[in-house]
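> below is the sequence, then the predicted model.
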Amino acid sequence: MQSSSASPEAALREPWLLPPADRADALIARSQRRSLDLHRLDPAQGSPRVLTAGSLRVHREPLEPLLEVARSGMESLYLQIRDAGYVVLLTDAEGVAVEFIDNPAVEREARRAGLARGGCWTEDQEGTCAVGLALIDRLPFTVHHGEHFRVSNGLLTCSAAPIFTADGRLNAVLDASALHSPGDKRSQQLVLMLVHQAARMIENAYFLRQFERHLVLRTSSRREFLEVTTEGLIAFDAGGRVVAANPRFLHDMGRSPASLIGAGVEDLFGLRYEALAAAAKASEGPLRLRLAHSGSECFALARAPRPTRPAARPTSRAAAPGTGQSLEELAGADPRMQEAARKARRVIDKPVAVLLQGESGTGKEAFAKAMHGASVRAAAAFIALNCAAIPETLIESELFGHGPGAFTGAQARGSRGKIAQAHGGTLFLDEIGDMPLALQTRLLRVLAEGEVTPLGSERAQQVDLQVICATHRRLDGLVASGQFRLDLYHRLNGITLTLPPLRERSDLEALIESVLALEARACAAPAPALSRRARELLLAHAWPGNIRELKNVLRAALLLCESGEIEPEHLAADIGACAAPGPWPGRQDPQAWHGPAAQDPAATSAGQALRLVLQQHQWRISDAARSLEVSRSTVYRRMARYGIVEPNRQH
């Protein structure tokens, strides 16, 4: 589509264009001044900072979906420039290299220069550098030889280009660097162009992957090159409403993401959605469209949504939580789960807080992910934090982030918290009842004011997110005992959805079959049948660990079974010993359970579940913690809460 301007100032607002040389030089000079005056760096000192594997994992995991696409783009770029001695890396939005393609010709030199996975290339760390500039000014840059701030980087030539999310946020930076190159910076113009083109290809490919189940328009101002060169991308839902658009289309429309999301096809092109859907289905040639707001012409190709798998018949199969399925698939044929799914559908994208209630292992996080996937925020991040699995001394930094050197042991460059990472998407707070009181006050402010202030920082950051909380405890009881803030409780408890425990699900048999099939697929093995007696034992078991326990039991049985049929001897020894012909023991009579949480039925149930897990592992706390996928400190904390005492400590 037509660009609104070709001036240097316009180029700063159009990251798909290369900035004019004089403007790029001015921004590089500004960065050099910041490196000296703001960051207080010494150009003659400092060595490359490379994160350990554990620290790198924190940066890499959130970008795994992007990396699936980016790797191909990086390899294509590398093949074009490898003979000139270049390496290729991809950083996250914090300047940490999460993916890297090494060049055998310069392998040792590159690693000494910090060109490796885990390398940190922010301006406050390395001074003026291509990645740092791309992060700050959101434009493609080449930083050549002595333009680097640090003397140790003076032989490098680096070209970097930003990669954006569907809502315009910086997602990553693609960089190509060489340790030996001609002295004239103009020799790097072609490399910068190749990096820039690869970044746009990755960005667009990721958009198409994210919205493969939506109708997508690929737009261009030139009909002849539409099939090989994409400019604008816009995705529509089944009702013809916009769910996402790439930065180029947003610019050409003169709209922000917030103002465009939800607009109809007719609002943009004066065309009915049915016409687009028919064109996509027929795989017709380019469509000639006219932008309603400006009257300018563009051309578009419509891509039909990728078909979804047909929904399983509820009478024969139930979905297992944790498999990335829809709300309806998770609900299966159980009436209580179906009711929870119906209510969830009604409040998705509405300004109503959601609280998920249920025992540990019932699939609360999977349910929250399904809600996120069904919302307009589906393209943004889903960030989960278990408030009970992180020590109280670390949870504040984990949730709110921290500035540089905010406390002893803090990262020198600071760290984004989970709240900031969830900007534009969904924040899932599991075991919210275990959040310390002091943090409850700070969380309430975030929810009320829509901003977060990292530890050690005075600058608040605006955040837009959906918060979904979950707990196996009764929050009203915690409020009554002074352990949970009343105002936060009312803020979070807009609607409560209760997920039933496994032993109470009416579709348990179908769910067992579903989990068995999934575990067999994960083990690359054919799914064995269940013998009649094994099936009876599984159906009679109380399942104190719910879905998590069921998965572990069936996985072990699958590996032990050699005959094609799972028999009782393939099941864990306690299967059948903890039968549940009716309500779980103690469920109707909370007084039968002794401990500080005895008056809370949910806590009673959870306490018994924990005791059973401990008994299964002969009171080995480490083994029990691993089976529950929590830390040892969390197990000890829960034991204290439920009044559970190890046998060797009883008097």
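Structure's in. What do you need? Numbering: from 1, shown residues only.
> and the strands in the stretch 301-450 of the chain?
Assigned by DSSP state E, counting those that start in this stretch, the strands in the stretch 301-450 of the chain fall at 354-357, 382-386, 401-402, 415-416, 426-430.
> closest to His59 out of the ones you listed?
Distance to His59, taken as Cβ to Cβ, is lowest for strand 415-416 among these, at 9.9 Å. The C-beta positions use only the backbone N, C-alpha and C, and glycine is treated the same way.
> identify the residues contacting the closest one?
Identification of contacts with strand 415-416 by Cβ atoms under 8 Å, 6 or more residues apart in numbering yields 94, 397, 401-402, 454.
> could I get those as CSV with neighbour count, distance to Lys350 and pLDDT?
Formatted as CSV, those follow (neighbours: other Cβ atoms under 10 Å; distance: Cβ to Cβ, whole Å; pLDDT from 0 to 100):
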residue, neighbour count, distance to Lys350, pLDDT
Glu94, 18, 33, 92
Ser397, 20, 32, 77
Gly401, 23, 28, 78
His402, 20, 33, 64
Pro454, 23, 29, 79
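> closest one of these to Thr426?
Gly401 (17.6 Å).
> can you pull the contacts of the closest residue in space to the closest one that isn't next to it in sequence?
Nearest non-adjacent residue to Gly401, counting by Cβ to Cβ, 6 or more residues apart in numbering: Gly417, 3.0 Å away. By Cβ under 8 Å, 6+ apart, the contact list for Gly417 reads 397-402, 452, 454.
> with Glu212 instead?
305-306.
> change it to 10 Å
235, 303, 305-306 (Cβ atoms under 10 Å, 6 or more residues apart in numbering).
> show me how far stretch 286-296 is from its chain's centre.
35 Å (Cα atoms, centre = their mean, to the nearest Å).
> show residues contacting it.
1-2, 4, 217-224, 226-227, 252-255, 263, 265-271, 275-276, 279-280, 297-302.
> residue boundaries of the strands in the stretch 51-200 of the chain?
Under DSSP E, counting those that start in this stretch, the stretch 51-200 of the chain gives strands at 86-92, 97-101, 141-144, 157-164, 170-178.
> in a markdown table: those strands, plus mean neighbour count, mean pLDDT and distance to His570.
Shown next, in a markdown table, are these (neighbours: other Cβ atoms under 10 Å; pLDDT from 0 to 100; distance: least, Cβ to Cβ, whole Å):
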| stretch | mean neighbour count | mean pLDDT | distance to His570 |
| --- | --- | --- | --- |
| strand 86-92 | 26 | 96 | 44 |
| strand 97-101 | 21 | 94 | 41 |
| strand 141-144 | 27 | 96 | 60 |
| strand 157-164 | 28 | 96 | 48 |
| strand 170-178 | 26 | 96 | 46 |
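> how near is the residue nearest to Gly240 when sequence neighbours are not counted to Leu217?
Among residues not flanking Gly240 along the chain, Tyr273 sits closest, at 2.9 Å (Cβ to Cβ, 6+ apart). Distance of Tyr273 to Leu217, computed by Cβ to Cβ, to the nearest Å: 11 Å.
> quick one: which of these two has more around it?
Shown here are Tyr273 and Leu217; by other Cβ atoms under 10 Å, Leu217 has more neighbours (26 against 18).
> state the helix or strand in which the more buried one lies.
strand 215-220 (DSSP states H and E).
> partners of that strand, with directions?
If you go by DSSP bridges, strand 215-220 pairs up with strand 232-236 (antiparallel), strand 297-303 (antiparallel).
> worst average pLDDT in those strands?
Mean pLDDT is lowest for strand 297-303 among these, at a mean of 86.
> in that one, what counts as buried?
Buried positions in strand 297-303, judged by neighbour count with 16 or more other Cβ atoms under 10 Å: 298-303.
> go on, stretch 510-519?
Judged by neighbour count using 16+ other Cβ under 10 Å, the buried positions of stretch 510-519 are 510-516, 518-519.
> which one of these is nearest Gly132?
Nearest to Gly132 among the buried residues of stretch 510-519 is Leu518, at 44.1 Å by Cβ to Cβ.
> after the helix or strand harbouring that closest one, which helix or strand is next?
Using DSSP H and E, Leu518 sits within helix 508-522. Sequence order places strand 529-530 as the next helix or strand after helix 508-522, per DSSP H and E.
> how about the contacts of Gly417 in CSV, adding distance to Val242?
Below are those laid out as CSV (distance: Cβ to Cβ, whole Å):
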residue, distance to Val242
Ser397, 37
Glu398, 34
Leu399, 32
Phe400, 33
Gly401, 31
His402, 37
Val452, 28
Pro454, 33
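> can you pull the contacts of the residue nearest to Ile163 when sequence neighbours are not counted?
Among residues not flanking Ile163 along the chain, Ala172 sits closest, at 4.4 Å (Cβ to Cβ, 6+ apart). Ala172 is in contact with 63, 66-67, 70, 90-93, 98-99, 134-135, 161-165, 199, 202-203, 206, counting by Cβ under 10 Å, 6+ apart.
> if we can go back for a sec, is it true that the residue nearest to Gly240 touches Ala238?
Yes: counting by Cβ atoms under 10 Å, Tyr273 touches Ala238, with 8.8 Å between them.
> tell me, what's touching these two both at once?
Between them, Tyr273 and Ala238 share the contacting residues Leu215, judged by Cβ under 10 Å, 6+ apart.
> give me the angle between the longest helix seen in the chain and strand 86-92.
Once the chain is assigned using DSSP state H, the helix that runs over the most residues is helix 189-210. Relative orientation of helix 189-210 and strand 86-92, computed by axes from the mean of the first three to the mean of the last three Cα atoms, to 10 degrees: 40 degrees.
> could you export helix 189-210 as CSV, CA atoms only?
Extracted C-alpha coordinates of helix 189-210, given in CSV (Å, rounded to 0.1, in the frame of the first residue of the first chain):
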residue,chain,number,x,y,z
GLN,A,189,24.6,-1.7,3.0
LEU,A,190,23.7,-4.9,1.3
VAL,A,191,24.1,-7.0,4.5
LEU,A,192,21.8,-4.5,6.3
MET,A,193,19.2,-4.9,3.6
LEU,A,194,19.4,-8.7,3.8
VAL,A,195,19.0,-8.7,7.6
HIS,A,196,16.1,-6.3,7.3
GLN,A,197,14.3,-8.4,4.7
ALA,A,198,14.9,-11.6,6.8
ALA,A,199,13.4,-9.8,9.9
ARG,A,200,10.3,-8.9,7.9
MET,A,201,10.0,-12.4,6.6
ILE,A,202,10.2,-13.9,10.1
GLU,A,203,7.8,-11.3,11.4
ASN,A,204,5.2,-12.1,8.7
ALA,A,205,5.7,-15.8,8.9
TYR,A,206,5.1,-15.7,12.6
PHE,A,207,1.9,-13.7,12.1
LEU,A,208,0.6,-16.2,9.6
ARG,A,209,1.5,-19.1,12.0
GLN,A,210,-0.3,-17.4,14.9
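> in the stretch 201-350 of the chain, what spans have low per-residue confidence?
Applying pLDDT under 70 to the stretch 201-350 of the chain flags the ranges 283-284, 307-324.
> quick one: stretch 183-203 to chain centroid distance?
So, by Cα atoms, centre = their mean, the centroid of stretch 183-203 is 29 Å from its chain's centroid.
> one more: stretch 511-522?
25 Å.
> I'd like the average pLDDT over that stretch.
The model assigns stretch 511-522 a mean pLDDT of 84.
> helices of the stretch 501-650 of the chain, residue ranges please.
With helices called from DSSP state H, counting those that start in this stretch, the stretch 501-650 of the chain shows them at 508-522, 532-540, 546-560, 601-616, 621-628, 632-642.
> and the longest one, average pLDDT?
Yep, that's helix 601-616 we're talking about. Averaging pLDDT along helix 601-616 yields 70.
> burial check on Gln45, number of neighbours?
A total of 9 residues lie near Gln45 under the criterion other Cβ under 10 Å.
> from what I can see Gly154 touches His145, true?
Yes: with contacts counted by Cβ under 10 Å, Gly154 reaches His145, the gap being 5.9 Å.
> the two - which one has more neighbours?
Under the neighbour definition other Cβ under 10 Å, Gly154 and His145 were set side by side, and His145 has more, 17 against 13.
> contacting residues for the more buried one?
If you count contacts by Cβ under 10 Å, 6+ apart, His145 has them with 153-158, 181-185, 188.
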